[in-house]
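Visitor: give me a 3D structure for the following:
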Amino acid sequence: MPDEIRIVETLCVRSAAERDRLWSIYHGAFTRLNERTPIHHGSYPEDRFHEILQDEDFAKFLVYSEEKLVGVTLLTNALAKVPWVNAGYFEARYPKRTRDGRVFFLPAVVIDPSFQDLRRIGARLLQQALTSLGEDAVVACDYSESLRQNLPSFVGRTLGREFKGEVLDRLVYEVFFYTDPE
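Guide: I've put the predicted structure just below:
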């Protein structure tokens with residue numbers, strides 16, 4: 001079992017090999033979930049994901065087990081750069097914090113599945129990313145109903161302290177039919 005977990009905060013992933021490794025983790029992390037839900041998780045296509053890894057408006061928290069890159073958290077306060085986020089909503093709802101750059105969106109926390117159980121590596125990665133923002137930050141994220149029951153308790157355990165949360169909206173996928181689909 002690896003002895004060392006190291007988390008490195010960076011604004012740009014310069015190495016093409018590291019970007020390829022992170023794409024593999026990101027894409028793979030959502031494969032099983034996407035089989036269970038109509039909401040497409042891991043929404044960035046490969047070319048856009050590579051661009052984000054080089055875009056300094058997205059903070060990257062890279063996690064290494066010994067020397068192997070095994071995961072990443074992405075955070076940004078450039079909400080307009082996340083196509084499925086309505087930045088204007090956050091500007092109107094939290095005007096001062098938006099002006100101060102204190103409203104963030106968390107588009108991804110992904111860990112190589114073979115390392116997910118390693119000393120709560122996902123929890124440590126999320127904890128470092130969120131606590132780096134400070135006390136006055138507002139962090140938004142989105143997730144499907146399939147994850148809703150587990151995520152708030154995971155965040156609470158991860159941070160190890162009280163926090164406040166509010167569901168802002170829900171997206172419902174529904175189908176209608178006259179005869180049972182095959």
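
Visitor: got the phi and psi for Thr76?
Guide: phi -150, psi 150 (degrees, to the nearest 10).

Visitor: swap in the one 3 residues further on?
Guide: Here the main-chain torsion angles of Leu79 (degrees, to the nearest 10) amount to phi -60, psi -30.

Visitor: for it, list the residues it contacts.
Guide: Applying CB atoms under 8 Å, 6 or more residues apart in numbering, we find Leu79 in contact with Val85, Ala87, Phe90, Val103, Phe105. (C-beta placed from N, C-alpha, C; glycine too.)

Visitor: now the two most distant members of these.
Guide: Val85 and Val103 (10.2 Å; CB to CB).

Visitor: I'd like to know how many residues surround the closest residue to Leu168 other than its chain neighbours.
Guide: Distances taken as CB to CB, 6 or more residues apart in numbering place Ala140 nearest to Leu168, at 7.4 Å, with adjacent residues excluded. When neighbours are counted by other CB atoms under 10 Å, Ala140 registers 18.

Visitor: for Ala140, give the beta-bridge partners.
Guide: Applying DSSP bridges to Ala140 gives these bridge partners: Phe105.
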